[in-house]
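Peer 1: what shape does this take:
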Amino acid sequence: MPDHFYVYPTYLLRERTRKDGRRIPAALALADLTGQEIVDAAQHLGFKAELESDKQYPRSASSFEGRVKVVKKGTTTKAAFLRSVAGELARRRAIGGKK
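Peer 2: Have a look, this model is predicted:
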C-alpha cells in the first residue's frame, strides 16, 4: 500500500460538481484554488506535501492544474485530510481577506 496519496485542486473546487470530481461537500468547497495553496495548508497541518505542477486531472485533460503529493500520517484517511485542508484554507482566506 502506498505511503502517499494525490490531491488535485479539483477535489476542493466550489465550481465543480461531485460528478466533475469534487470530493468534499459544497459547503466546504473553495473558489479559485491553486496547488501551492494546498501544499501550504497541508504543511501547516503537519503533512509533508509536494506540488507536481506538470500533472493534470484525468477528467480535464486540457488543463494542467497540477497535483499535490501528500505523505500519509498516522491513520488519516484521504477524505479526512481533504476536509481538514479545506477548513485550513477557509481559515487562511478569512484571515487574509481572499475570497
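Peer 1: which strand or helix spans Phe5?
Peer 2: strand 4-7 (DSSP states H and E).
Peer 1: so after that strand, what's the next helix or strand?
Peer 2: Once the chain leaves strand 4-7, the next helix or strand it forms, by DSSP H and E, is helix 35-44.
Peer 1: touching the helix or strand just after that following helix from outside, list them.
Peer 2: Where DSSP H and E defines the elements, the next helix or strand beyond helix 35-44 is strand 49-52. Residues from elsewhere that reach strand 49-52 (C-beta atoms under 8 Å, 6 or more residues apart in numbering): 35-36, 38-39, 42-43, 66-71. Where you see a C-beta, it was placed from the backbone N, CA and C, and this is true even at glycine.
Peer 1: hmm, back to that, and the strand holding Phe5, what does it pack against?
Peer 2: Secondary-structure packing of strand 4-7 (3 or more C-beta pairs under 8 Å, 6 or more residues apart in numbering; DSSP states H and E): strand 67-71, helix 78-96.
Peer 1: now that strand: buried residues?
Peer 2: Buried residues in strand 4-7, counting neighbours by 16 or more other C-beta atoms under 10 Å, are found at Val7.
Peer 1: do the same with stretch 53-61
Peer 2: Per 16+ other C-beta under 10 Å, stretch 53-61 contains these buried residues: 55, 57.
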